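Student: Please work out how this folds:
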Amino acid sequence: MILIIPILILILASLAIVILQWIKPNMGLAWLISAGSSLIVWIVVLVLHWVQVNPIDIYSWRPIEGILTSLNFKMDLVAWPYAFSLVSVLLAAVLTAPMRFSYETAPRIWAGFLIITASGLLAILSGNALTLILTWTVIDITEFILLIRSTQGRELIQSSVFTFAMKIIGTFFVLWAMAISGLKGDELTFTNITPEVGVYILIGSGFRLGIVPLHLPYSQEVQFRRGLGTVLRLVSAASSLVVLGRMPPAVVSPNLAIFLLLFTALAGLYGSVRWLSSKDELSGRPFWLIALAGMAFACTIRGRPAASITWGMMLVLSGGTIFLYSNRGRKFLLFPMLGFISLTGLPFTPASFGWYGLILFPFSILDILFILVYIILLAGYLKQVLRSGISPKPPERWAEFIYPLGIGFLIAAQWIINIFGWPGSFTSGIWWASLTTTVSAISGGIIYHKFGSSIINFLMKRNWILFFANNGLKRIAGFANFDWFYSLLRILYSFFQRLVQVLALVLEGEGGILWALVLLVLMITVFGPGASP
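Tutor: Down below sits the predicted model:
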C-alpha cells in the first residue's frame, strides 16, 4: 500500500485546508499545509524510484463479470518520470503561489492544486486500460468542478461543458478499443495492444490532452491562469501522454503510420509557430502543448515509445518553469535559462534522449520537419524567457525567497529524471541535431533582435504578402481552434433543446394524455413482438 501514500497525503491535506477555511480561516496555516504535504509527496515519489513496490490489484472490484480481472496500479519506469514531474509542478506551484495570490482566494486554489494532482497520479499509476478510464473520469469530474467554480458567465460555462465533452470523447475511443479486444476474447492491457486497436488509443489520448478547445475557460485573473490553469493543463497532458510510453513499438500499421506522422509533424509545426508568435507564455500555453505532444506522439508512432517519455517530461517540467515564471526580475532569470539549456537536447541534457524518437535513418523529410519544429519551439521559449514584464512585489518578504526555490525544484527534477530515469536516459543523444537546433534558434533570435524592425517594415510595404499571410493564418487558426465544431454542437444542442421544449409543451397541454397514448401505441407498433423485422 506504499504506492497510494502520496495520493492519500494529498487528499487528506486538501480536506484539511477546506475544513480549516470553513472553521477558522488562516491563510498562513493553509499554505504551510499545502507546502508541507507537497514537499513530503515530492520526497516520497523520489524515493519510490529506488524502492521495490508491489503493484496494487483489487480483485474484488468487478462491475461486469469477465470484463475486468482487477483494478491495477503500479509504479514502473514509465509511470515514475510522469509522477515525479507532476509532484514537482505541484510543489513549484505552491511555493511560487505567494507571489500571485490574494488572501481571499488562495487557500481554495491550493486545495485544488492538491486534489487535481492526486487525480493525475491515479491515472499515471494505472496498470490497465479500464483502470485508466476510471481514473480519467475522476480527473474529468474534478477538473469540471474546479472550472465551474472558478468561471462566471454563460459562455465560459458552456466552454467548460465543451471541454468536458471533448475529454469524454477521448475516453470513448479507448472504450472502443477495449470493445474490439473484448470481441476477440482478450482483455485490453498495455502489453497486448495490436495495431488494430492502437490507433484508437492514440486518438483517444490526443483528445484528452486538454488542448481542445485551445483556450480553456479559466478565469482571466493571473492568479488563476498562471497557477490553477498551469496545474490543470499539465495534469491533463501528463495523464494522457503516459499511455504513449506503454505502447508497443508497432502500435499502428505501416500504411497508417506515415499519415499519422505527417499529421503530427504539421500539428507540431503549427503549435511551434503559434507558440513563437504568442504575446506571452500564458497565451501560448496550448500551442506549447500541441508542439511537445506532437513530438511525443511521433516518437511512439515511429516505434520509439521510450523517447516519448522525454518529451512528455519536458512538456510538464519546462512548461511548468516558464508558466510559473511570473516575477521577471533579472535576479530570477538564471532558472528559466537553465530550463532553456535543459530543453535544447544537447548531449547529456534532459531532452537529449528524445532525439532518438525524432530522427531515424534513413534521413527523410519528416526528420527535417521535426528539426524545424524544434528550432521554432526553442526560439519561442527563449523569447518568452527574455520577455520583459511586471515584477510584482510580494505581500511578504519571505515570499521573494521562496519563489526561486519553487522554480529551482522544476529544474532539479529535470536533471534527476535525466540521470536516474531509465536505462540509457542519460545520453549524448543525436548531438548534431541538438547542436543544429540550438545554434539556429539562438542565431534566429539574435538576427530578429538586430534586424527585426527592418524585416517588419519590409513586409509592411508588401501588402500582398500580409494579405495572404493573414488570411492563411486566420483560416488555419479557425480550423485548429475547432470553432466550426463548437458551432455545430451549439446548433445541435439548440435544436434538441427546442424539440424537448415543444414535446414538453404538447404533453403538458390539455391533450397531453391523448398524445401520450398515441406515442405509446406507435412505440408498441414499431417495437412490439408483432412488428416486422
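Student: hang on, residue 18 packs against residue 109?
Tutor: No - checked against C-beta atoms under 8 Å, the pair residue 18 and residue 109 is beyond contact range at 11.8 Å. (Glycine included, C-beta is placed from N, CA and C.)
Student: neighbour-wise, which of these two wins?
Tutor: residue 109 (23 against 15; other C-beta atoms under 10 Å).
Student: you'd agree the more buried one is in a helix?
Tutor: Yes - counting by DSSP: H, G, I helix; E, B strand; the rest coil, residue 109 is found in a helix.
Student: Which residue, other than its chain neighbours, is closest to it?
Tutor: Closest residue to residue 109 apart from its sequence neighbours, by C-beta to C-beta, 6 or more residues apart in numbering: residue 228 at 5.4 Å.
Student: tell me the contacts of residue 429?
Tutor: 345, 346, 347, 348, 351, 352, 353, 354, 355, 356 (C-beta atoms under 8 Å, 6 or more residues apart in numbering).
Student: Report the secondary structure state of it.
Tutor: Per three-state DSSP, residue 429 ends up coil.
Student: now the helices for the stretch 51-200 of the chain?
Tutor: 79-96, 106-124, 129-150, 154-183, 195-207 (DSSP state H, counting those that start in this stretch).
Student: Going by mean pLDDT, which of those comes out lowest?
Tutor: Ranked by mean pLDDT, the helices of the stretch 51-200 of the chain bottom out at helix 154-183, with a mean of 78.
Student: Indicate which one of the helices of the stretch 51-200 of the chain is closest to residue 262.
Tutor: Judged by C-beta to C-beta, the one of the helices of the stretch 51-200 of the chain that comes nearest to residue 262 is helix 195-207, at 14.2 Å.
Student: Show me what the closest one is packed against.
Tutor: Counting contacts by 3 or more C-beta pairs under 8 Å, 6 or more residues apart in numbering; DSSP states H and E, helix 195-207 packs against helix 154-183, helix 229-245, helix 254-277, helix 285-301.
Student: Looking at the ones you listed, which is nearest to residue 317?
Tutor: Once those are compared by C-beta to C-beta, helix 229-245 is nearest, at 9.0 Å.
Student: In the closest one, which residues are buried?
Tutor: 229-245 (16 or more other C-beta atoms under 10 Å).
Student: Could you pull up the mean pLDDT of that helix?
Tutor: Mean pLDDT, computed over helix 229-245, is 90.
Student: angle of it against helix 79-96?
Tutor: 170 degrees (axes from the mean of the first three to the mean of the last three C-alpha atoms, to 10 degrees).
Student: which ones are touching the closest residue to residue 119 other than its chain neighbours?
Tutor: Among residues not flanking residue 119 along the chain, residue 139 sits closest, at 4.5 Å (C-beta to C-beta, 6+ apart). Counting by C-beta under 8 Å, 6+ apart, residue 139 touches 116, 119, 120, 122, 123, 235, 236, 239.
Student: Turn those residues into TSV, including distance to residue 42.
Tutor: Compiled in TSV, the contacts of residue 139 are given as follows (distance: C-beta to C-beta, whole Å):
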residue	distance to residue 42
116	16
119	17
120	14
122	17
123	18
235	15
236	21
239	18
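Student: Need the max-distance pair from those residues.
Tutor: 122 and 236, at 13.4 Å, using C-beta to C-beta across these.
Student: Let me see the residues that make contact with stretch 123-136.
Tutor: Contacts for stretch 123-136 (C-beta under 8 Å, 6+ apart): 3, 55, 67-68, 70-75, 79, 82-83, 86, 119, 122, 138-139, 167, 170-171, 174-175, 177-178, 187-190, 201, 208, 238-239, 242-243.
Student: Stretch 2-18 now?
Tutor: 30, 33-34, 36-38, 40-41, 44-45, 48, 51, 53-56, 73-75, 83, 87, 90, 107-108, 110-112, 114-115, 117-118, 121-122, 125.
Student: Just the buried subset of these, please.
Tutor: Counted by 16+ other C-beta under 10 Å, these give 30, 33-34, 37-38, 40-41, 45, 48, 56, 73-75, 83, 87, 90, 107-108, 110-112, 114-115, 117-118, 121-122, 125 as buried.
Student: low-scoring pLDDT stretches of the stretch 401-533 of the chain, where are they?
Tutor: 449, 451-490, 492-494, 496-497, 500, 502-533 (pLDDT under 70).
Student: If we use 50, what do you get?
Tutor: Applying pLDDT under 50 to the stretch 401-533 of the chain picks out residues 464, 467, 530-533.
Student: In three-state terms, how would the closest residue to residue 273 other than its chain neighbours be classified?
Tutor: Of all residues beyond its chain neighbours, the one nearest residue 273 is residue 376 (5.9 Å), with distances taken as C-beta to C-beta, 6+ apart. Here residue 376 takes the helix state, with states given by three-state DSSP.
Student: Give me the distance between residue 376 and residue 447.
Tutor: Distance from residue 376 to residue 447, counting by C-beta to C-beta, to the nearest Å: 14 Å.
Student: These two: who's more crowded?
Tutor: Higher neighbour count among residue 376 and residue 447: residue 376, with 24 against 11, using other C-beta under 10 Å.
Student: wouldn't the more buried one be in contact with residue 272 here?
Tutor: Yes - with contact defined as C-beta under 8 Å, residue 376 reaches residue 272; the gap is 3.9 Å.
Student: Domain map for the protein?
Tutor: The chain breaks down into these domains under automatic domain parsing: 2-467, 491-527.
Student: okay, those domains, which one's buried deepest?
Tutor: domain 2-467 (a mean of 19; mean count of other C-beta atoms under 10 Å).
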